[in-house]
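S.K.: Next one to model:
(2 chains)
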There are 2 protein chains.
Amino acid sequence: MIPTLEWTSEGVRFLDQTRLPLEETYVLAKTYQDVADIITTMVVRGAPAIGVSAAMGVALGARHSTATSLPALLAEIRVIGKVLAATRPTAVNLFWAIERMRRHAAELAAEPGATVATVKQGLIAEAERMYNEDIAACRALGAYGADLLPQKAGVLTHCNAGALATCGYGTALGVIRAAVESGRKIDVYADETRPFLQGARLTAWEMMKDGIPTTVICDNMAASLMRAGKLQAIVVGADRIAANGDVANKIGTYGVAVLAKEHGIPFYVAAPWSTIDLATKTGADIPIEQRSPNEVTHHAGKQLTPNHVGVWNPAFDITPAKYVTAIITERGVLRAPYPESLERLSHEAAVPA
Amino acid sequence: MIPTLEWTSEGVRFLDQTRLPLEETYVLAKTYQDVADIITTMVVRGAPAIGVSAAMGVALGARHSTATSLPALLAEIRVIGKVLAATRPTAVNLFWAIERMRRHAAELAAEPGATVATVKQGLIAEAERMYNEDIAACRALGAYGADLLPQKAGVLTHCNAGALATCGYGTALGVIRAAVESGRKIDVYADETRPFLQGARLTAWEMMKDGIPTTVICDNMAASLMRAGKLQAIVVGADRIAANGDVANKIGTYGVAVLAKEHGIPFYVAAPWSTIDLATKTGADIPIEQRSPNEVTHHAGKQLTPNHVGVWNPAFDITPAKYVTAIITERGVLRAPYPESLERLSHEAAVPA
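M.R.: Numbers count the residues shown, from 1 in each chain, chains lettered A, B, ... in the order given. Coordinates of the predicted model:
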């Protein structure tokens, strides 16, 4: 089990993903502001993981609150939520998790006999519940996804939608883990995923830990790999899925999807239901985070580009639903037309944790 | 004028492209073996540039020959050619240039009154002629290509097919330079081009030198850029063009071509006629160089990937002719069906230097 993040008595402990794969070090967030910094600087990343991180941040902030009345505590929780929500704009799990914590706080405060202490304790329990639900959702969607793969397959993934992007097990890599557990022979190909190299650093690291054969390629090699017949499926994660099935995910996902279509290779998106945002009509309504040019122009402190050159560094892109063969969730596998399949499954109960 | 390579009295002087963009340093090849090393280690790269480099390598090797008879000199030139031909397998200009030098040596040796000294001198003159022809070809194809671009255009290029990949001016970047000289307003987008970063380092450097607005993107951002409507054309170079119009070029070119087709953006290949290999029937017959995994796993001495992970690092890919809108050469612009247009222009005289 990869300890991506963990609630401890001293605070939230994060595996520092900026140091992987060469160093396995941990960072302890003692305050909710620490959690916000850790999300912003990508010590933790991946939509499901930052959702639960934010929930733990809310719990941590509430625990340290000096409020002496329930209304004061609830007001403070709203402020905490705003700070955490301002960290990254694209992954909807972040807002979903904060809203769930805020609503839960209000419910706890409305219970008979509620006190500041019971609300604080209840929020810690809720964050831990979300942590466990995330792992359960990954295992459930992994099993659904595994059934879509052949007995022997080359599978390309982009970025890291693994244990490191969740509380454990992973979404896209959860599908791969479940496929391997089911006896399938899977050769993983990992796009290195510039500029942050989540594929080269994180996906490769966790697949090697599990002994699953993995080959790293530069992002621009995926087309050749498809043409060479090495890939039988693509599986990626998602940062937000709109009501029409458009998918926001790590920059480069859209290109992979177009290439998959051209080569007749199924393109699967694996994500927990918390990544689905029915309030967002289409991908065009999803805000795309622009990150610092420095991520592109420098590596390991070394400058790669000439001074003053322009840089474009969007962190995510939108893959229109028409390129998505299926969306794999813990509630089942969705296929086009997505507005209908998403609406239908939205009424199903979540998998119990 | 960017001094990519130059014949000097002491040997062949190369701008060290592995040090760009931060350092503008030069390496002097004093022997033909030095030239071979310089090609292998990519101090110089780009199909047209390595062609002329090899020609200068032959001239250099011949100059230093201690042969006292014409047959001995010709035999030595064959050995020199073999050493230089073994440096890199994909770019056909290399073999074309060596063969042209070898044939020219034989012709010179057959002239009345030929001596070891006249052959040596004639080979230096031939290498310098090829150098000048290369620049003239780039200028001629640049002018043809410029006419294909709108008055205002975003143009994406992959890798570096610029002054640094030729003896000056460039092929793909020659088209851009000619377009700018013709008064067109061109915004250049440069794929950074992993793993060797020729786009981020070299294309950006030479475009900045010429004051042409340039934005660097990671390779995996090209699809989003197309979808955002920022690109009106793609122009790339080539390392070899087969008789059916299939194009070998830097890894990642094929993916860009597929994406361009999906977005209805013209995809142009700019190359001198020496890049066309009518003896190679299709792209499947072009050998693709595999380079060291180290280029992918390390950067600036820092390891990016976990130990023992697999790596795939082909230096080139094949873009099938069906994705190529036009091939721009110094003899004119070729369009599909390529077997016919290539055959037709193959009978035309080259542009005089």
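S.K.: dump the residue contacts of the residue nearest the centre of chain A.
M.R.: Closest to where the C-alpha atoms of chain A average out (CA atoms, centre = their mean) is A:Ala47, at 2.5 Å. Taking CB atoms under 8 Å, 6 or more residues apart in numbering or on different chains, we find A:Ala47 in contact with A:91-94, A:165, A:237-240, A:271, A:275. Where you see a C-beta, it was placed from the backbone N, CA and C, and this is true even at glycine.
S.K.: how much space between it and B:Arg13?
M.R.: According to CB to CB, to the nearest Å, A:Ala47 stands 53 Å off from B:Arg13.
S.K.: Let me know the pLDDT of the residue nearest to the centre of chain A.
M.R.: With respect to pLDDT, A:Ala47 scores 96.
S.K.: what's the closest non-adjacent residue to it?
M.R.: A:Ala91 (3.7 Å; CB to CB, 6 or more residues apart in numbering or on different chains).
S.K.: how close does A:Gly216 get to A:Ile265?
M.R.: If you look again at residue A:216, you'll see it is Val, not Gly. 19 Å.
S.K.: typo on my end, it should be A:Glu192
M.R.: For A:Glu192, the distance to A:Ile265 - CB to CB - is 19 Å.
S.K.: neighbour count winner among those two?
M.R.: Counted by other CB atoms under 10 Å in any protein chain shown, A:Glu192 and A:Ile265 do not tie: A:Glu192 has more neighbours, with 32 against 21.
S.K.: Name all residues that make contact with the residue nearest to A:Ala47.
M.R.: Applying CB under 8 Å, 6+ apart, the residues near A:Ala91 are A:47, A:50-51, A:239-240, A:275.
S.K.: A:Ala190 now?
M.R.: By CB under 8 Å, 6+ apart, A:Ala190 lies in contact with A:156-157, A:199-200, A:203-204, A:207, A:214-217.
S.K.: swap the cut-off to 6 Å and go again
M.R.: A:199, A:203-204, A:214, A:216 (CB atoms under 6 Å, 6 or more residues apart in numbering or on different chains).
S.K.: and the gap between it and B:Arg88?
M.R.: 27 Å.
S.K.: I'd like to know which residues of chain A are adjacent to chain B.
M.R.: The interface of chain A toward chain B, taken as CB under 6 Å from any CB of the partner chain, is made up of A:21, A:194-195, A:197, A:200, A:204-205, A:208, A:214-221, A:223-224, A:251-252, A:254-255, A:258-259, A:262, A:299-300, A:302, A:304-306, A:309-312, A:317.
S.K.: Please list only the buried members of the residues you listed.
M.R.: Neighbour counting with 16 or more other CB atoms under 10 Å in any protein chain shown marks A:21, A:194-195, A:197, A:200, A:204-205, A:208, A:214-221, A:223-224, A:251-252, A:254-255, A:258-259, A:262, A:299, A:304-306, A:309-312, A:317 as buried within the residues of chain A next to chain B.
S.K.: taking those residues one by one, which sit in strands?
M.R.: Within these, residues falling in strands by DSSP state E are A:214-217, A:299, A:310-311, A:317.
S.K.: Quick check: chain neighbours aside, which residue is closest to the residue of the stretch 101-250 of chain A found nearest chain B?
M.R.: Nearest residue of the stretch 101-250 of chain A to chain B (CB to the nearest CB) works out as A:Asn220 at 2.8 Å. The spatially closest residue to A:Asn220, leaving aside those adjacent along the chain, is B:Gly252, at 2.8 Å (CB to CB, 6+ apart).
S.K.: OK, contacts around whichever residue of the stretch 251-353 of chain A sits closest to chain B?
M.R.: Residue of the stretch 251-353 of chain A nearest chain B, by CB to the nearest CB: A:Gly252 (2.8 Å). By CB under 6 Å, 6+ apart, the contact set of A:Gly252 is A:158, A:219, B:220.
S.K.: Wasn't A:Trp7 part of a helix?
M.R.: No: going by DSSP: H, G, I helix; E, B strand; the rest coil, the assignment for A:Trp7 is strand, not a helix.
S.K.: roughly how far apart are A:Leu74 and chain B?
M.R.: 41 Å (CB to the nearest CB, to the nearest Å).
S.K.: now do A:Pro3
M.R.: Applying CB to the nearest CB to A:Pro3 and chain B gives a distance of 17 Å.
S.K.: beta partners of the nearest residue in space to that residue that is not next to it in sequence?
M.R.: Closest residue to A:Pro3 apart from its sequence neighbours, by CB to CB, 6+ apart: A:Leu15 at 5.7 Å. Legend: beta-bridge partners of A:Leu15 under DSSP bridges are A:Tyr26.
S.K.: mind listing the helices for chain A?
M.R.: A:32-40, A:47-63, A:70-85, A:92-110, A:116-146, A:172-181, A:198, A:204-209, A:222-227, A:253-262, A:294-297, A:338-345 (DSSP state H).
S.K.: Any stretches of chain A with poor pLDDT?
M.R.: Across chain A, the ranges flagged by pLDDT under 70 are A:349-353.
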